[in-house]
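Colleague: No letters, just coordinates:
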């Protein structure tokens, strides 16, 4: 019995083809071809205000440079200013890498950024037990909060994949 390679059978059904680089987003959070983006531009700019902490880079799935921005105060504020112009490209890349699904990336990230030490984002993702642990321990004494900053996009993607 021979197995045939059938990429349409193993591909994720919510992955869409890449879009031209010049079609970032319209004001309504959709790309130039009308598809909904998982990481809207407006939220990236909101997180950019706190960008010297790397918030926008974590949001767009760039945890290593997010940590670098955090420890260097946005690369001594120069990188933070340059990122003002790079956010559209980061939004496009993140939306291709992490497609929209049942759980909204924007909601989960807003909950993580502002209520993450209480585990509210974990309750939103259906992770009740760890949500209670985060709630009772202040995000595992801050370590869990930092862990979620590095892995939240992957956690959401995994939950979207399983739902």
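Modeller: Arrived safely, thanks for sending. Small disclaimer: the values here were computed from a predicted structure and weren't measured.

Colleague: I'd say residue 57 and residue 83 touch.
Modeller: Yes: counting by CB atoms under 8 Å, residue 57 touches residue 83, with 7.5 Å between them. (Glycine included, C-beta is placed from N, CA and C.)

Colleague: what residues do the two have in common as contacts?
Modeller: When contacts are counted by CB atoms under 8 Å, 6 or more residues apart in numbering, residue 57 and residue 83 are jointly contacted by 51, 90.

Colleague: Settle it for me: which of the two has more neighbours?
Modeller: Each of residue 57 and residue 83 had its neighbours counted (other CB atoms under 10 Å), and the higher figure belongs to residue 57 (29 against 22).

Colleague: dump the residue contacts of the more buried one.
Modeller: When the contact criterion is CB under 8 Å, 6+ apart, the partners of residue 57 are 51, 63, 65-66, 69, 83, 90.

Colleague: ok, now residue 124?
Modeller: Residues in contact with residue 124 (CB under 8 Å, 6+ apart) are 103, 107-108, 111.

Colleague: Now do the same contact list for residue 103.
Modeller: Contacts of residue 103 by CB under 8 Å, 6+ apart are 124-125, 156, 159-160, 163.

Colleague: Out of those, which is nearest to residue 117?
Modeller: Residue 117 lies nearest to residue 124 out of the contacts of residue 103, by CB to CB, at 14.6 Å.

Colleague: do you know how far that closest one is from residue 68?
Modeller: According to CB to CB, to the nearest Å, residue 124 stands 28 Å off from residue 68.

Colleague: And residue 96, by the same measure?
Modeller: Shown here: residue 96 relative to residue 68, a distance of 23 Å by CB to CB.

Colleague: Would you mark the buried spots in stretch 136-149?
Modeller: Of the residues in stretch 136-149, those buried by neighbour count under the rule 16 or more other CB atoms under 10 Å are 139-140, 144-146, 148-149.
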